[in-house]
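# here are the coordinates; sequence isn't available:
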């Protein structure tokens, strides 16, 4: 009897996702460029482990690229570190298979130095870094943010450390002994009271943000300072302190990003950008100068009027955004970018991050005309049709039930 031919089904596209390919290559190239003692290593490993746990397809691509790497001799030291950080059993097994394949090619793993001796004494002893978790809230209208650290105790329970961070520095520090369920309840209550959502974040990064705020300025009491010092000392001993913003290892471009390639209009779709607007009370003289140009007795053509208005904007940018102020905005944009990254909104994250990079450029002398982002922010404030109605300095700030401050001029 003739064989019955089967109707061919639709072809399945087995080609890997280009975005996953790009992400795997970025992680691999970053790790190959570092060594085990580099300060960025732990942050990259932790973030990659989280990505591989959440996306088996990415794990498959990353490990295949590692196993078939053709860029010359290399040391796959990072695979052992990675195997200790991932939670997924299939991914752990895949890492072991990759190590075996590399060994078959004569590429062997060097002895790992990433083994910490147990420290005696203290409430935080024997903490497993893999289980420590970080949390970050969204920003409020004054660029305040809440940071949470969840650290498991060796016997039972968790230590939950949370703080309010402002542009000025570290406002407070609270440490609670809680269960996992109580942590969820606390986060839910904080979200309800403040109206700002929390996201689980890279633990090393949350420790970096906490320490960065404290180094900027601490408003902690003497007792809180003692607790803070103990926590930071412990985390430093365990090499669990982040050393730089994690977004820099996630989105660092291989090629420099030029101003001309960035679209300022994309930022207008990001609500957090309004929090960068300078407060009108510090811009009163510029607002008054704008009003004089618009309503003064001197007769000017539209071209002359526009030139004078832009001269005011340039002067305001030059005098308001000195290097220290630009550095503060840079870090805010990086943190806002990371918040969007955690939400899975890559386009907004990249936009914020690349614009942040433009603020890192050291331009001297500083005329105020060099950065389109700062010009756009200042134009938004100064050249509104009715700045006297919407941006008056006499208006009072309004607080939400949770104490998060929303300036009236943001509305």
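Thanks, I have the structure now. The model shown is predicted, which means the values in this text are computed figures rather than measured ones.

# Other residues contacting stretch 47-54?
Residues outside stretch 47-54 that contact it (Cβ atoms under 8 Å, 6 or more residues apart in numbering) are 23, 27, 31, 58-59, 62, 82, 85-88, 91, 202, 246, 249-250. (Each C-beta comes from the backbone N, C-alpha and C, glycine too.)

# what about 7 Å?
Stretch 47-54 is contacted by residues 27, 58-59, 62, 82, 85-88, 91, 202, 246, 249-250 when judged by Cβ atoms under 7 Å, 6 or more residues apart in numbering.

# Stretch 309-322 now?
By Cβ under 7 Å, 6+ apart, the list of residues contacting stretch 309-322 reads 278, 283, 286, 289-290, 293, 366-369, 374-375, 378-379, 382-383.

# got it, and stretch 200-215?
Here stretch 200-215 has contacts from 42-43, 46-47, 132-136, 147, 149, 163, 165, 169-170, 228, 232, 235, 240-246, 342, using Cβ under 7 Å, 6+ apart.

# Please check the residues you listed and keep the buried ones.
42-43, 46-47, 132-136, 147, 149, 163, 165, 170, 228, 235, 240-243, 245-246, 342 (16 or more other Cβ atoms under 10 Å).

# quick one on the thing from earlier: out of the contacts of stretch 309-322, which sit inside helices?
Using DSSP state H, 286, 289-290, 293, 374-375, 378-379, 382 are the members of the contacts of stretch 309-322 that sit in helices.

# Which positions in stretch 302-310 come out as buried?
308-309.

# so how far is it off the chain centroid?
39 Å (Cα atoms, centre = their mean, to the nearest Å).

# Out of the buried ones among the contacts of stretch 200-215, which sit inside strands?
Judged by DSSP state E, the buried ones among the contacts of stretch 200-215 include 133-136, 147, 149, 163, 165, 170 as members of strands.

# what two of those are the furthest from one another?
133 and 170 (20.0 Å; Cβ to Cβ).

# what does the domain assignment say about this structure?
18-104, 129-237, 259-410 (automatic domain parsing).

# What confidence value was assigned to the closest residue to residue 376 other than its chain neighbours?
Distances taken as Cβ to Cβ, 6 or more residues apart in numbering place residue 264 nearest to residue 376, at 5.4 Å, with adjacent residues excluded. Per-residue pLDDT puts residue 264 at 79.

# Work out which residue lies at the spatial centre of the protein.
residue 338 (2.8 Å; Cα atoms, centre = their mean).

# show me the contacts for it.
So residue 338 contacts 245-247 (Cβ under 7 Å, 6+ apart).

# again, but for residue 283
So residue 283 contacts 316, 381-382 (Cβ under 7 Å, 6+ apart).

# From residue 355, how far out is it?
Distance, residue 283 to residue 355, by Cβ to Cβ, to the nearest Å: 21 Å.

# can you check residue 99 too?
From residue 99 to residue 355 the distance is 41 Å (Cβ to Cβ).

# If you count surrounding residues, which of the two has more?
With neighbours defined as other Cβ atoms under 10 Å, residue 99 and residue 355 compare such that residue 355 has more, 25 against 20.

# before we move on, which element is that one in?
helix 346-358 (DSSP states H and E).

# Which positions within that helix qualify as buried?
Residues of helix 346-358 classed as buried: 348-358 (neighbour count, 16+ other Cβ under 10 Å).

# Can you tell me which of the residues you listed is nearest residue 218?
When the buried residues of helix 346-358 are compared against residue 218 (criterion: Cβ to Cβ), the nearest one is residue 356, at 25.0 Å.

# how many neighbours does residue 212 have?
17.

# which phi and psi does it have?
phi -60, psi -40 (degrees, to the nearest 10).

# can you tell me how far it sits from residue 206?
Per Cβ to Cβ, residue 212 is found 11 Å from residue 206.

# So residue 251 sits against residue 353, correct?
Yes: at 4.8 Å, residue 251 and residue 353 qualify as touching, with contact defined as Cβ atoms under 7 Å.

# which stretches of this structure form strands?
Under DSSP E, the chain gives strands at 133-137, 145-152, 158-165, 170-178, 198-201, 398-399, 405-406.

# Report the mean per-residue pLDDT for the longest one.
Spelled out, it's strand 170-178. Per-residue pLDDT over strand 170-178 has a mean of 90.

# before we move on, the earlier item: may I ask which two of the contacts of stretch 309-322 are separated the most?
293 and 366, at 23.5 Å, using Cβ to Cβ across the contacts of stretch 309-322.

# Stretch 243-262 spans what distance, first to last residue?
28 Å (Cα to Cα, to the nearest Å).

# Quick check: phi and psi at residue 246.
According to degrees, to the nearest 10, residue 246 has phi -70, psi -20.

# swap in residue 132?
When read as degrees, to the nearest 10, the backbone of residue 132 gives phi -70, psi 140.

# from now on call the first residue 32
From this message on, residue numbering opens at 32, which makes the last subject residue 163.

# Now for residue 178: which residues touch it?
Taking Cβ under 7 Å, 6+ apart as the criterion, residue 178 is in contact with 167, 193-194, 196, 237, 240-241.

# And those, which two are furthest apart?
Longest span within the contacts of residue 178, Cβ to Cβ: 193 and 240, 12.1 Å.

# thinking again about what came up before, and the helix holding residue 386, average pLDDT?
Helix 377-389 comes out at a mean pLDDT of 88.

# What helices and strands are in contact with that helix?
helix 278-282, helix 354-373 (3 or more Cβ pairs under 7 Å, 6 or more residues apart in numbering; DSSP states H and E).

# For the ones you listed, state which one has the densest average packing.
Comparing those by mean neighbour count (mean count of other Cβ atoms under 10 Å), helix 278-282 ranks first with a mean of 22.

# which residues sit against it?
For helix 278-282, the external contacting residues (Cβ under 7 Å, 6+ apart) are 61, 71, 74-75, 78, 365, 368-369, 372, 380-381, 384.

# Name the member of those with the shortest distance to residue 217.
Of the contacts of helix 278-282, the one sitting nearest to residue 217 (Cβ to Cβ) turns out to be residue 369, at 21.9 Å.

# any idea how far residue 75 is from the closest one?
14 Å.

# Kindly report the same for residue 269.
Residue 269 sits 18 Å away from residue 75 when distances are taken as Cβ to Cβ.
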